[in-house]
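no sequence on this one, just coordinates:
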C-alpha cells in the first residue's frame, strides 16, 4: 500500500509558523520589559510570595531554578520554581511571570475545574502521546494485509485526541492564572499603571504560545485523519 505523507504537511505549515512566531514574540516581549525596573523594586520571588500569602498559601515555597522562562508551579511538591531571569529580577516582566505562577497555585487551592481536569488527564495523555503515532503507523502498515488492522490506526487517532483535549483544557487554565495575577497586581498596587500594562503584554504574549500549541495539535489531528482516511480508501 503506498503512503502519501508529504502533501499533508502543508496543513501543518500555518500552525507551525504561528507557533514559531508566538515563541519568538514571548521572548522578545519578555526581554523588552525586563529592562523596565519597577517603582517598588520587588523581585519576582517577593511578588509571588506576596500573592501566595495574600491568599493564605504560606505553606507553598518558592525556589530558584536555572534556565530562561522555565517557571512553573509543582502542585505535588507545593513549590513555585522561578527561573534565573525572574526570581531576583525587579522588572515588570519578572513580576508578571512570577504572579502568573502564583495564580496557578491559587487555582489548585480553590479546585479550579479546568486545572483539576488537566491534572487528572496528564497520566493518560502521556500514554496517549507515546502510543498515537506507532499505532497509526502499525495500523496502516498491517491494513495492507487485512482491512481490520485499520482499527489500530483509529485507536491511535483516539490517543492523539487526548493530546488535543489536554491542549484545549490548558488554554483556560493559563488565561485564568494570568487574569488572577493581574487582578492581584492591580488591587495590591504592586505595579504602577504603566508597569501593569507591561506585565499584561508579557502574559498575553505567553498565552499565545498555548494558542499556537493547540493550533498545531488540531492541524496535526486533521493531518492524521487524512492519512488514515487515505489508507482506508487505498485498501
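Done, it's in. Here the structure is a predicted model, which is why all the values come from computation and not from measurement.

any idea which helix or strand carries the residue lying closest to residue 127 once chain neighbours are set aside?
Leaving aside its sequence neighbours, residue 127 sits nearest to residue 159 (Cβ to Cβ, 6 or more residues apart in numbering; 7.6 Å). Where you see a C-beta, it was placed from the backbone N, CA and C, and this is true even at glycine. If you go by DSSP states H and E, residue 159 is part of helix 150-187.

nearest residue to the most centrally placed residue in the chain other than its sequence neighbours?
Geometric centre of the chain, nearest residue: residue 210, 4.7 Å, by Cα atoms, centre = their mean. Nearest non-adjacent residue to residue 210, counting by Cβ to Cβ, 6+ apart: residue 174, 5.0 Å away.

buried set for stretch 47-64?
Under the neighbour-count criterion of 16 or more other Cβ atoms under 10 Å, stretch 47-64 has 47-52, 55, 57, 60, 62 buried.

before we move on, back to that, ok, the residue nearest to residue 127 - contacts?
Residue 159 makes contacts with 127-129, 131-132, 135, as judged by Cβ atoms under 8 Å, 6 or more residues apart in numbering.

rerun at 7 Å
128, 131-132, 135 (Cβ atoms under 7 Å, 6 or more residues apart in numbering).

do residue 133 as well
residue 156.

any idea how far residue 170 is from it?
21 Å (Cβ to Cβ, to the nearest Å).

packing partners of the longest helix seen in the chain?
Longest helix in the chain, counting residues (DSSP state H): helix 193-234. Judged by 3 or more Cβ pairs under 7 Å, 6 or more residues apart in numbering; DSSP states H and E, the packing partners of helix 193-234 are helix 9-34, helix 92-109, helix 113-142, helix 150-187.

tabulate the ones you listed (a markdown table), appending mean pLDDT and distance to residue 83.
Formatted as a markdown table, these follow (pLDDT from 0 to 100; distance: least, Cβ to Cβ, whole Å):
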| stretch | mean pLDDT | distance to residue 83 |
| --- | --- | --- |
| helix 9-34 | 93 | 10 |
| helix 92-109 | 96 | 8 |
| helix 113-142 | 93 | 21 |
| helix 150-187 | 95 | 16 |
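
among those helices, which comes closest to residue 228?
Smallest distance to residue 228 across the helices and strands packed on helix 193-234 (Cβ to Cβ): 4.5 Å, for helix 150-187.

quick one: buried residues of the closest one?
Neighbour-count burial for helix 150-187 [16+ other Cβ under 10 Å]: 150, 152-154, 156-157, 159-160, 162-170, 172-178, 180-182, 184-185.

fine by me, we can end here.
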